[in-house]
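S.K.: no sequence on this one, just coordinates:
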């Protein structure tokens, strides 16, 4: 049988302010758009609205750069205060560089949560404050768990929630959304040991299910149109206890380093 | 307005044999499953059925390993004949390693087409021949262009076709499908210079559209169920001349190396 899913960007999510009850707002918008949650639905929700609701916006005039930040600033042509925030969010600077064609350089960092990403996922666009930067929420798994349980209680159904952020990739052009917080949604689906269609054992197949969802959410989201919530319906999955950390290779297992 | 797309795994694609007319078979299956193509549809089609149709299966008893292959074989605990095929498909071995927990090692290679992937995308599962390996088609863009033009002519509509393969990622657990051949489908959608929702210029946003499609196709495909064709309907895109190579960073721009 052909298996089909729908992927829907939920319209008219309002601007989010610090302290907003995100689960209530998202629930209201799901109803208003005719998409009240059903058993088996998964929501991908952009990190930015969690960061806004949780007050993760740092005015640059509140930041005093360290000497390390000043050193990177000179090298990369970046604001030392932004770099100070990046360093505070990081446990390691994997690489820092500035291409000749670029106005300012990039730092590839290991975020305190374990992700490798550009500028430790510190963001400068898509929020109202100027001269400020936005960091990831302190605990993305907790943020989505709260939304998941509030929506599940309100609508009386089993759903999953994934927090997404937009990352660059080594070797490949362009950005894709990846999963940085999970509630109920399996990080990966293991097919190791299953037989393939010809009866032989498949050696290593472990689909990055949560990252597939995150990437797919990008197909319907318009950044400039403020649609941070994407609803998946019709997927075949089983709720599980999970964490974004299930998607991170341990340092010693990094086969590409 | 909420934007919604559907993603459908097309059922009952038969086993593909060398010389098969893939476009005819896929077209027949689209009709049989009630999914005759419409303007704006995009198909993601797994590399494996192109490789099978184009005869990219190499019996290992036809392969004589070089001394370089023998050297890697001893180091990695792999069949030297498989390694010989991997080396023939590669322009560079980026890294070769064997973790203590693994039966055999892995080679990270730059494929002759420019991708960085494990074992140069040489595959050992999901085809009928035992003691054989499968390579990528010689020219994936050409393979999908043929399918695209045949289906467009048959159904009288504008569609796009993406060839997908399953790759691992640095730093993140699990595999996702990526785009390795494009016909008509933009590799990326640039939002650089667009204004964000708050009227400021967005600095760098370039969504890897074709890779988003490829990753999303993984949500509905069951490897063991032989569903190599996935239909996307309802997307907002404009046909363009494109190539898988548009997704590859130039070596000197690799910001993660």
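M.R.: That came in fine, so what should we check first? Since the structure is predicted, the reported quantities are computational estimates derived from the model, not experimental observations. Numbers count the residues shown, from 1 in each chain, chains lettered A, B, ... in the order given.

S.K.: so where do the strands sit in the stretch 51-200 of chain A?
M.R.: A:57-59, A:90-97, A:106-111, A:116-118, A:132-134, A:160-167, A:176-183, A:189-190 (DSSP state E, counting those that start in this stretch).

S.K.: and the fourth one, what other elements does it pack with?
M.R.: What it means is strand A:116-118. Counting contacts by 3 or more CB pairs under 8 Å, 6 or more residues apart in numbering or on different chains; DSSP states H and E, strand A:116-118 packs against strand A:106-111, strand A:160-167. The C-beta positions use only the backbone N, C-alpha and C, and glycine is treated the same way.

S.K.: any stretches of chain A with poor pLDDT?
M.R.: Residue ranges of chain A with pLDDT under 70: A:1, A:125-128, A:192-204, A:222-226, A:251-257.

S.K.: coming back round to it: return the most buried member of the helices and strands packed on strand A:116-118.
M.R.: strand A:160-167 (a mean of 26; mean count of other CB atoms under 10 Å in any protein chain shown).

S.K.: what is that strand packed up against?
M.R.: Packed next to strand A:160-167, using 3+ CB pairs under 8 Å, 6+ apart, are strand A:42-46, helix A:47-53, strand A:116-118, helix A:140-155, strand A:176-183, helix A:209-217.

S.K.: list the buried residues in the second one.
M.R.: In this case it means helix A:47-53. For helix A:47-53, the neighbour count (16 or more other CB atoms under 10 Å in any protein chain shown) marks A:47-53 as buried.

S.K.: quick one: it near chain B?
M.R.: No. Using CB under 8 Å from any CB of the partner chain, helix A:47-53 stays clear of chain B, with a minimum separation of 10.4 Å.

S.K.: how about the residues of the stretch 1-150 of chain A near chain B?
M.R.: Contact residues (CB under 8 Å from any CB) of the stretch 1-150 of chain A with chain B: A:1-11, A:33-35, A:94-95, A:97, A:99, A:106, A:108, A:115-116, A:118, A:124-128, A:130.

S.K.: leaving out the residues flanking it, which one is nearest to residue A:234?
M.R.: Excluding the flanking residues, the one nearest residue A:234 by CB to CB, 6 or more residues apart in numbering or on different chains is residue A:5, at 3.9 Å.

S.K.: what pairs with the helix or strand hosting that neighbour, parallel or antiparallel?
M.R.: Counting by DSSP states H and E, the element that carries residue A:5 is strand A:3-9. Its sheet considered, strand A:3-9 pairs with strand A:229-233 (antiparallel), strand B:3-9 (antiparallel) by DSSP bridges.

S.K.: surely residue A:39 forms part of a helix?
M.R.: No. Membership of residue A:39 in a helix is not supported by DSSP: H, G, I helix; E, B strand; the rest coil, which gives coil.

S.K.: where's it relative to chain B, distance?
M.R.: Distance of residue A:39 to chain B, given as CB to the nearest CB, to the nearest Å: 18 Å.

S.K.: and if you look at residue A:165?
M.R.: Distance, residue A:165 to chain B, by CB to the nearest CB: 13 Å.

S.K.: for residue A:235, same thing?
M.R.: Applying CB to the nearest CB to residue A:235 and chain B gives a distance of 6 Å.

S.K.: that residue contacts residue A:44, correct?
M.R.: No. Assessed by CB atoms under 8 Å, residue A:235 is found out of contact with residue A:44, at 11.5 Å.

S.K.: more crowded one of the two?
M.R.: More crowded of residue A:235 and residue A:44, by other CB atoms under 10 Å in any protein chain shown: residue A:44, with 29 against 20.

S.K.: chain neighbours aside, what residue packs nearest to that one?
M.R.: Leaving aside its sequence neighbours, residue A:44 sits nearest to residue A:217 (CB to CB, 6+ apart; 3.9 Å).

S.K.: next, count neighbours for that neighbour.
M.R.: For residue A:217, using other CB under 10 Å, the count is 29.

S.K.: is it true that it touches residue A:10?
M.R.: No. Using CB under 8 Å, residue A:217 is not in contact with residue A:10; the gap is 10.8 Å.

S.K.: how would you label residue A:239: helix, strand or coil?
M.R.: Following three-state DSSP, we place residue A:239 in the coil state.

S.K.: from residue A:209, how far out is it?
M.R.: For residue A:239, the distance to residue A:209 equals 12 Å [CB to CB, to the nearest Å].

S.K.: those two - which one has more neighbours?
M.R.: Using other CB under 10 Å, the more surrounded residue of residue A:239 and residue A:209 is residue A:209, with 26 against 17.

S.K.: now the residues of the stretch 1-150 of chain A next to chain B: which count as buried?
M.R.: Buried among these by 16+ other CB under 10 Å: A:2-11, A:33, A:35, A:106, A:108, A:115-116, A:118, A:124-127.

S.K.: of the strands of the stretch 51-200 of chain A, which is nearest residue B:69?
M.R.: strand A:189-190 (30.9 Å; CB to CB).

S.K.: partner strands of the closest one and their direction?
M.R.: Applying DSSP bridges to the sheet, strand A:189-190 is found paired with strand A:206-207 (antiparallel).

S.K.: who's in contact with the partner strand?
M.R.: A:188-192, B:173-176, B:218 (CB atoms under 8 Å, 6 or more residues apart in numbering or on different chains).

S.K.: if I read this right, residue A:91 contacts residue A:110, doesn't it?
M.R.: Yes. Here residue A:91 reaches residue A:110: they are 5.1 Å apart, a contact under CB under 8 Å.

S.K.: run the chain-centre distance for stretch A:87-94.
M.R.: Stretch A:87-94 sits 18 Å away from the centroid of its parent chain (CA atoms, centre = their mean, to the nearest Å).

S.K.: oh sorry, the question was meant for stretch A:76-95
M.R.: 20 Å.

S.K.: can you tell me the distance between the two ends of that stretch?
M.R.: 12 Å (CA to CA, to the nearest Å).

S.K.: appreciated, that's everything.
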